[in-house]
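Q: got a predicted model here, sequence first, then my questions.
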Number of protein chains: 2
Amino acid sequence: MNNKISKNSIRRLIRYRTVLQRFQNMGLGKVFSDNLAEALDIKASQVRKDFSLFNLTGNKRGGYVIGDLLEKITNIIGKNRTYNTIIIGAGNLGKALLQYTGFEKEDIKIKAAFDIDPAETHKQYSTPVLPMENLHSFIQENDIEIAILTTPALAAQRVMDLLVKANIKGVLNFAPIRLKAPKEIFINNVNLLQELENIIFFIKEKKEKIAVI
Amino acid sequence: MNNKISKNSIRRLIRYRTVLQRFQNMGLGKVFSDNLAEALDIKASQVRKDFSLFNLTGNKRGGYVIGDLLEKITNIIGKNRTYNTIIIGAGNLGKALLQYTGFEKEDIKIKAAFDIDPAETHKQYSTPVLPMENLHSFIQENDIEIAILTTPALAAQRVMDLLVKANIKGVLNFAPIRLKAPKEIFINNVNLLQELENIIFFIKEKKEKIAVI
DNA sequence: CTGATTTTGTTATTCATTTCACAATAACTC
DNA sequence: GAGTTATTGTGAAATGAATAACAAAATCAG
Ligand SMILES: NC(=O)c1ccc[n+]([C@@H]2O[C@H](COP(=O)([O-])OP(=O)(O)OC[C@H]3O[C@@H](n4cnc5c(N)ncnc54)[C@H](O)[C@@H]3O)[C@@H](O)[C@H]2O)c1
Ligand SMILES: NC(=O)c1ccc[n+]([C@@H]2O[C@H](COP(=O)([O-])OP(=O)(O)OC[C@H]3O[C@@H](n4cnc5c(N)ncnc54)[C@H](O)[C@@H]3O)[C@@H](O)[C@H]2O)c1
């Protein structure tokens, strides 16, 4: 493959899969680029362009076979195996994620949580909450590739450094700070305050009309 | 103003403010486009371009006065008043958000949560969890502009319809479905599973090398 | 006060992404 | 099975976003 693929195409690819799974559950066997476009609120040509980028092909006039498409997309995104994950910081948010069963279905397994506070590590959940001392060895021994970071912002960089040492591959960071790490570690930031502020910008009554594209 | 402003510029504007506040807390009085660029890991010309779009001006050779800049940005984004917010669905995630104090600091006030389950509405928190019957009148009477949607996906559209009826202005949606609503209501989706899948794509060892730009 | 230096603000340029447009072709119609 | 229609796949065109480039202005040095 020769073509450059943007992060946006990948985000869309993930959404295509979500939608395709829904279609499949509804009993459908085929889709047209049209249907996918409508579901994602984009243009059909965008769908076909993306597919072309990833060498996803269909049938002229016949559209795409959902089953085939799902198999190929899964191959590209990478989900016919389990990805082992841990949560660091078993506070409000960490525990909510720990309790959530929706990841499991998708073969993202949360193997443990970690916390510095002994009060947390002594509680019993179906998934254990372990003390930070165990972090390094646990990552090694359980083939952990992804960490979800839900400590306070102040602790986040310190934890990140530990994760780097333990050779983590990717991090989903909820702490509202920009983490420093070698660039081969993929960090995905989720900043909920900024998501709310983004809403505020759009609902705010504008003094001077600002055209937003 | 004549120029089109992209959603990206707005996202960056929100980040500029975050960084500027940090600088201010460190006792600084002025910044250069350089400093902001470094903090956000973008180019200085991007910062100046954005500022130009929003008519944010500084002083040649003198940089920008942080205080002034913060005031103007706050004026644009809209945060010298309080935004009243509710949470719908007081489950794992809803309760984590309810407990979080970081929004309050930024004048985003969570006034109540709502749940269909009487077991939830009878518990006592510092913020009340109310039954769904009260939703409409509560929104009206408490000047609620933003709703955070944390019900299961199956209930989400039904709840959205209620919110539309009650004239909500913006929604932060955590349920993994695409909500339908009139376009003047701003919906911001957070899909944590997709954020994790995005990480998986990037950490997955590639069979055929795909160049990601 | 003059010239050198720094930094903004904006225009031009480059680079990236989306959309268009249409040939190729598979499927349907009669 | 000839003609019509629907839909893909992709190169070209249009649009959009980021970066570079630089003139203008402010400050500084001596
Ligand atoms: N809860 C929310 O709704 C919410 C919303 C937006 C952002 N966030 C961010 O997510 C993060 C977590 O938020 P929260 O509300 O769950 O906080 P929290 O205080 O409830 O939980 C943080 C947990 O991290 C643990 N911890 C602290 N230092 C640690 C360390 N060095 N190593 C390991 N564990 C450590 C604490 O013991 C605690 O259990 C914060 O950075 C917060 O800003 C949370
Ligand atoms: N918890 C997580 O970490 C997590 C992660 C990713 C996505 N999500 C999504 O966020 C949403 C909430 O997740 P959760 O884990 O908190 O679920 P949850 O089941 O713990 O909580 C959902 C709450 O919504 C309430 N509810 C159900 N129907 C309702 C209705 N019609 N009106 C009002 N309330 C109603 C339930 O009583 C329950 O208290 C889900 O859509 C889930 O897919 C959650």
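A: Good, I have the coordinates. Ligands and ions are numbered 1, 2, ... in the order given.

Q: pLDDT wise, what is A:E208 at?
A: The model reports A:E208 with a pLDDT of 50.

Q: what helices and strands are in contact with the longest strand belonging to chain A?
A: When secondary structure is assigned using DSSP state E, the longest strand within chain A turns out to be strand A:108-115. With contacts defined as 3 or more Cβ pairs under 8 Å, 6 or more residues apart in numbering or on different chains; DSSP states H and E, strand A:108-115 has these neighbours: strand A:83-88, helix A:92-99, strand A:129-131, helix A:135-141, helix B:192-203. Any C-beta I mention is one placed from the backbone N, CA and C, and that applies to glycine too.

Q: ok, the residue of chain A found nearest ligand 2 - contacts?
A: Ranked by Cβ to the nearest ligand atom, the top residue of chain A for proximity to ligand 2 is A:Y100, at 3.4 Å. The contact partners of A:Y100, taken as Cβ atoms under 8 Å, 6 or more residues apart in numbering or on different chains, are B:N92, B:L93.

Q: distance of it from B:F201?
A: For A:Y100, the distance to B:F201 equals 21 Å [Cβ to Cβ, to the nearest Å].

Q: what about the following helix or strand past the longest strand of chain A, near ligand 1?
A: Next along the chain after strand A:108-115, taking DSSP states H and E as the criterion, comes helix A:118-121. Yes - where contact is defined by Cβ under 6 Å from any ligand atom, part of helix A:118-121 touches ligand 1, namely A:E120.

Q: mind listing what's buried in the lengthiest helix in chain A?
A: Looking across chain A with DSSP state H, the single longest helix is helix A:7-25. By neighbour count, with 16 or more other Cβ atoms under 10 Å in any protein chain shown as the criterion, the buried positions of helix A:7-25 are A:9-20, A:23.

Q: okay if I get those residues as CSV plus pLDDT and distance to DNA strand C?
A: CSV is the format used below for the buried residues of helix A:7-25 (pLDDT from 0 to 100; distance: Cβ to the nearest atom of the strand, whole Å):
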residue, pLDDT, distance to DNA strand C
A:S9, 94, 6
A:I10, 93, 10
A:R11, 94, 9
A:R12, 97, 7
A:L13, 96, 11
A:I14, 94, 14
A:R15, 95, 12
A:Y16, 97, 13
A:R17, 95, 17
A:T18, 93, 17
A:V19, 95, 16
A:L20, 97, 19
A:F23, 96, 19
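
Q: now do the same contact list for the residue nearest to A:G170 when sequence neighbours are not counted.
A: Residue nearest to A:G170 in three dimensions, not counting chain neighbours: B:I199, with 3.8 Å by Cβ to Cβ, 6 or more residues apart in numbering or on different chains. With contact set as Cβ under 8 Å, 6+ apart, B:I199 has these partners: A:I146, A:G170, A:V171, A:L172, A:F186, A:N188.

Q: okay, now the domains of chain A?
A: Residue ranges of the domains in chain A are recorded as A:7-77, A:83-194, according to automatic domain parsing.

Q: these: which one's closest to B:T121?
A: domain A:83-194 (18.9 Å; Cβ to Cβ).
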